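Undergrad: Dropping a prediction and its sequence here:
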Amino acid sequence: MSLKKYVVRRIGQLIVTYWAFLTLLFVVFRLAPGDPTSMYLQEGLSAEEREAILARHGLDQPLHVQYVEYMAQYLTGDLGQSFRHGVPVWDVLVVRFFNTIILMGLAFAIAYLIGVSVGAFIGWVRGTRKEKTGIVVTLIARSSPEFWIGILLLMVFTFYLGWFPSGGIRPPGTEYETFLGRYLNWGVAYHLVLPVLTGVIYYMATPTLLMRSSMINVLNSDFIQIKKAEGIPEYIILYKHAARNSILPMTTVVALVVGMSIGGSLVIETVFSWPGMGREMVESVTYNDYPLAQAIFFLMGSLVIWMNFVADLAYVYLDPRVRYD
Amino acid sequence: MSVKDHLPANVESKLTSSRALSQIKDGVSTAYELYRSDRLGQFGIVVLAAFVFIAVFAPILAPYSPGARHRRDDGSLARLDAPSTDHLLGTTHHGQDVFSQLIVSARVSVFVGFLAAFIAVFIGTNIGLISAYYGGWIDDILMRIVDIAYGLPFLPFVIVLVFIFGANIVNIMLVIAAILWRDSARVVRSEVLSQKQRPYVESARAIGASDFRILYRHVFPNVLPLTVLYMAFAVAYAIMYEASIAFLGFGDPNVYSWGRMMYQAYTHGAIREAWWWVLPAGVCIMLLVSSVFFIGRTLEEITNPEIRH
Amino acid sequence: MLELTDVHVEYEMEDGGAVHAVNGVSISLEKNKILGLIGESGSGKSTLAKAVIRLLAKNGDVPEGSIEYKGTDLTELSDREFRTEIRWDEISMVPQNAMNGFDPVYTVGNQIVQAIRTHEDVSKGEARERARELFEQLGIDPGRIDDYPHQFSGGMAQRAMIALALALDPSLIIADEPTTALDVVIQDRILQTLRDLQQEIESSVVLITHDISVVSDICDEIAVMYGGRVVEHADVETIIKEPRHPYTLGLRNAFPDIEEDDQDLISIPGTPPDLVEPPEGCGFAPRCPFATDECWDVTPEPEEYGDGHIVECHRADEQELLTEEAKRKETWMDLETEPQQGVEEADD
Amino acid sequence: MTSPKIEVDDLKKHFKSNEDLFTRLFGWGEIEYVKAVDGVSFEIEEGESFGLAGESGCGKTTCGKSLLHLHEPTSGTVSFDGQDITDPAVRDEMDFRTEAQIIQQNPYESINPRYRVFDWVKEPLDVHGIGSEEERENTVIETIESVGLNPAEAYMHEYPSELSGGERQRVSIARAIILEPSFILADEPASMLDVSVRASILDLLDRLQDELGISILYISHDLSLLKHMCDRIGIMYLGKLVEVGPATQVINDPQHPYTKALVGSTPTIDPDDEREAAELKGDIPDPVNLPSGCRFAPRCPEATDECTVEEPPMYDTGDDQQARCILYDEEQKQTISE
């Protein structure tokens, strides 16, 4: 199969996945209890008012019409109106989306870098004490849910040592002028440390363990023996051959870890009161604001689907066996 | 190291019952091998056994009812009392005994963990078996479903579903299983694809064995170790997800769980002052989950001899 | 050029015991010769080769013996010295499956250049030029040096592997079953190429195989291994036509030959010896129809029977009798009917 | 005249080489076919041993497995005792799976590692519900002993991982003969075994064939072995038979240039033997895009322009021997039915 064909196929698959995902989203949220009116019911709505609200959100139509409209809306990037905030969902989400991306992107990137390097190392020193220690530490990290790690960090670094703030994204009352200026300042960096650290500790376990087993598999292959017989120095064999080959399967793991970390943002943002999508999701579900919950769900799912897509293309680029065939 | 080495030298086996008997023996000796093979696995088994014991006998072991509000000698509510001989792990904001809550909560974790994992692996294994064995259309469709399941961010999905179907412990368990199956489905499928190529499968076809027989009497026993391994992972994830759901406040309000304990402690700001309310539940989650992971790692080493030296 | 003296190789096992894979091998190889090392699985032939080029698995070790190469004892060298002075520069190897011998993510040319530049201070361009020349010598289109290994066919990959092995004009090439995975037509071509090139650059080759016809085809000398020892070693003519060791005789009679019309194949009963606790006496005694009490008790020492024909057998001087007897199927069959140890054990 | 045990007529097996969801859904891309077996015809007589030889990828194994209906043939017929077994109704009626069995190449993978010897050998009886439980046990013990695993008690409780390669292959043979089939496909039965035990397995097969009157189809790349074991052999190249004839004759006096090359390339034990190395150009072509005309022509040392025009039929070259080569067209104009 040529490279071009492969990419076209992969795009086709992306479309199918997206369609299925959107449909699932529709089905799930149409099952949801509590229509928007339930939020206003206490205020004693009249029947007409009720219907007006339903009509405004397009909920008085038959399901199949709603489905078509919903698809059209989402495909044109219109995520609807938030019940609770009374404004377009986009207005609520724009800032929160970037807050989450900054936090989870950073946590994910650092976790992945550390995980792959540590995994490569403990795979290389297979059978030694170092490997055992590495595995035990990694497994313990993986056994600790994000909220537990976050709470421990808070207890130690905030309440006991007093080094870092307990939550939020920047000191209250901070002014910023540009988009970049919002994030590129010491205040934000200071607030980022603990939540990012929480994510890093938890998310690095998966890439570490997978890189290790991938590494062990590669180290068992004949070509590593030949490279040794060629007299090539060990460190070059380690990074140029063993690690380079072991990283191939790791690209597909990227998407898995992204899925985990984006979902984990709910917990981390709740613990550290980080104004991101995750915390907003928890609140919107609690308050029946399902256009908002649905939109967040859609954005999170999109991230995972796109990362999957990018990872597959990266794989093709990295593995000549697929690239030239 | 073969299984046989762990059996007594003179095994009497009646021919007719030899098969069932031998499989039980295999199971026992595998467990023994697991226990013997490294200290991590031993630690895991001991800790896991302890938690299962606690979960089973929780009502007997807990000194108080977990919801009971205790009062001090002066009649005031025993709010956030530090650990004492009366209350081994102190009391909560509502004057409840932390130690008793801790013990009772073990039930939820063990119950949800094992049952959700079992359901997930049961579904996943069968989907993997069928998908790989029959291939073609069936495989295409099932695997696209798995892809989509991988596209769903786990925690948000679970929370939405739990919210829709109602926050009770059975729903939570089912919802966790409804998404955890994807891992075992994918792994079992790729293992079956490789097993399917092995000549023993062809040999079974050559004697006229039915598809059902080939799948469940030939292929499945060879996939079983992997299934058990993924079961261990699923148990660990199920426990953690249940705790996370409860921590976010979407748990079953009628049962005590470690996640819920931490949720209450966190929302009452106890992490500033009452460490005894916060730490025990987290330590328990960590211990229980890591025991399962340790067992899983040991299993991995046993079932995948290629990655031994 | 290469002289092994009483080499032992052990693999440590998890339970603390050890597998004595090679159990006292002494053998020498002259310059510009091809030595065929034949033996069945578990005879220690690959292990011996790995010991020479220091590629034993982590749990493997050479506790005894010396491996002298051009006057230096290789076992005395530090890892660094061994890597920079011996590996590939002096001793290179060709693995069984060439396709797995190349790193899949780099081009073949790249890997040859890397090997050259690890040992010689030459520019990339020069190294590439040499890689092209090597390709040409081996009959591969030099334009394909920028191909990835998976783009090669099995036979071509094996040629490229030989090109890689020859990149630094080594004095010794260890070829471990280099053609086992290939079809006869390609095998034939590759063996001829190997032989031609070996003579051209005057290097020695150790060819490891289980196929007697392959060694008799291209080798100068043959060493037969059994149970971790070299039981017979001589030039090809002698081993094929006048073998003295009963195992060699047995192998010869078990091997179907395309030339023969009505061959009666005779198998050797029994199983190879236990390498964890090698028994006293000759390792082949339990399977040998000619074994005497001495054979069971005393391990035979290598003895020379004229012009470099070295045999480890107490009855090697009874060549004619053994050869005649070994040709009769009944000789070996009789042994088969006797109760074997394995069966007894399982029976009780 | 009795019909032969097996009659293969113009058997073809083409595999789809690429097909996925999108090809199926939208017909994107062309489906390519690997023509593993591309029109093979031969016969095996009652009690005869027939050998199929050729290089890897020539389709010999696919051909054998299509005979056993482990692959659904793309076209052509396979007659078993005169009945066409490509028809499922015929297979059911004659209980084909009890009549034809297979012995596989790799004894280390051909026995399910989760089965003990006893259960593995007994399974065919279970599947076909033959005899009572007690009768089955006795049959199993007898069969295990008849393949040289004596006494059966010493082996039947073992897992395959505890047996040597030769013992495992004996277990496979026991499983293949327990239903008393009349035909066995032996796919490289000895190639994974050590030389010293190979002969004993071949002897065993020889003996069983004599005792039970089974027809055997041997598949191997090893001409020396086929010469030793078979009455007749067929040489395959790229999915077609290029030469068929009595084993000794084909190997001692090959007619087709490809057979000549194969025989010439096979190493011999005699070190004095100076074989004329056959010069074959290039590698085996891709079985997806076959060359036009004679498929061996691009590599053939004796090819002429004429060879690329049309695929040659089988020509009689004397004494029951046939070759698919235009060289024999001049000597003998009369062609054998295609």
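TA: Structure's in. What do you need? Numbers count the residues shown, from 1 in each chain, chains lettered A, B, ... in the order given.
Undergrad: where does chain A dip in pLDDT?
TA: Across chain A, the ranges flagged by pLDDT under 70 are A:1-2, A:32-46, A:56-58, A:173-175, A:177, A:179, A:181, A:324-325.
Undergrad: list the contacts for D:Gln104?
TA: Shown in contact with D:Gln104 (CB atoms under 8 Å, 6 or more residues apart in numbering or on different chains): B:199, B:202-203, D:110, D:172, D:187, D:189. (C-beta placed from N, C-alpha, C; glycine too.)
Undergrad: let's go with 10 Å and repeat that
TA: B:198-200, B:202-203, B:206, D:61, D:110-111, D:169, D:172, D:176, D:185-189, D:192 (CB atoms under 10 Å, 6 or more residues apart in numbering or on different chains).
Undergrad: what about the top helix by length along chain C, near chain A?
TA: The single longest helix within chain C, with elements called by DSSP state H, is helix C:184-201. No. Between helix C:184-201 and chain A, judged by CB under 10 Å from any CB of the partner chain, nothing touches; the nearest distance is 17.0 Å.
Undergrad: And the next helix or strand past that helix?
TA: In the C-terminal direction, the helix or strand that comes right after helix C:184-201 (DSSP states H and E) is strand C:204-209.
Undergrad: May I see the buried residues of that following strand?
TA: By 16 or more other CB atoms under 10 Å in any protein chain shown, the buried positions in strand C:204-209 come out as C:204-209.
Undergrad: Remind me what the helix or strand following that strand packs against, helices and strands.
TA: The C-terminal neighbour of strand C:204-209 among helices and strands, as given by DSSP H and E, is helix C:212-218. Packing contacts for helix C:212-218, counted by 3 or more CB pairs under 10 Å, 6 or more residues apart in numbering or on different chains; DSSP states H and E, involve strand C:34-38, helix C:184-201, strand C:204-209, strand C:221-226, helix C:236-241, helix C:246-254.
Undergrad: just how off-centre is helix C:212-218 within its chain?
TA: Here helix C:212-218 shows a centroid-to-chain-centroid distance of 12 Å under the convention CA atoms, centre = their mean, to the nearest Å.
Undergrad: average pLDDT across it?
TA: Helix C:212-218 shows an average pLDDT of 87 in the prediction.
Undergrad: buried ones in the one helix or strand A:Met71 maps to?
TA: Here A:Met71 sits within helix A:63-75, counting by DSSP H and E. Residues of helix A:63-75 classed as buried: A:66-67, A:70, A:74 (neighbour count, 16+ other CB under 10 Å).
Undergrad: and which of those residues is nearest B:Ala232?
TA: When those are ranked by distance to B:Ala232 (CB to CB), A:Tyr74 comes first, at 38.9 Å.
Undergrad: OK, contacts around the closest one?
TA: Contacts here follow CB under 10 Å, 6+ apart; on that basis A:Tyr74 touches A:18, A:22, A:25-26, A:80, A:294-295, A:298.
Undergrad: Top of these by number of neighbours, please.
TA: When the contacts of A:Tyr74 are compared by neighbour count (other CB atoms under 10 Å in any protein chain shown), A:Ala295 ends up highest, at 27 neighbours.
Undergrad: Would you mind confirming that that residue is in contact with A:His85?
TA: No. A:Ala295 sits out of contact with A:His85 when judged by CB atoms under 10 Å, with a separation of 11.7 Å.
Undergrad: hey, what's in contact with both of the two?
TA: A shared contact of A:Ala295 and A:His85, defined by CB under 10 Å, 6+ apart, is any residue touching both; here these are A:92, A:280, A:284, A:289.
Undergrad: hang on, the first one is in a helix, isn't it?
TA: The one in question is A:Val92. Yes. Under DSSP: H, G, I helix; E, B strand; the rest coil, A:Val92 sits within a helix.
Undergrad: For chain C, what's the nearest residue on the stretch 1-150 of chain A?
TA: Nearest to chain C, among the residues of the stretch 1-150 of chain A, is A:Gly127, at 6.4 Å (CB to the nearest CB).
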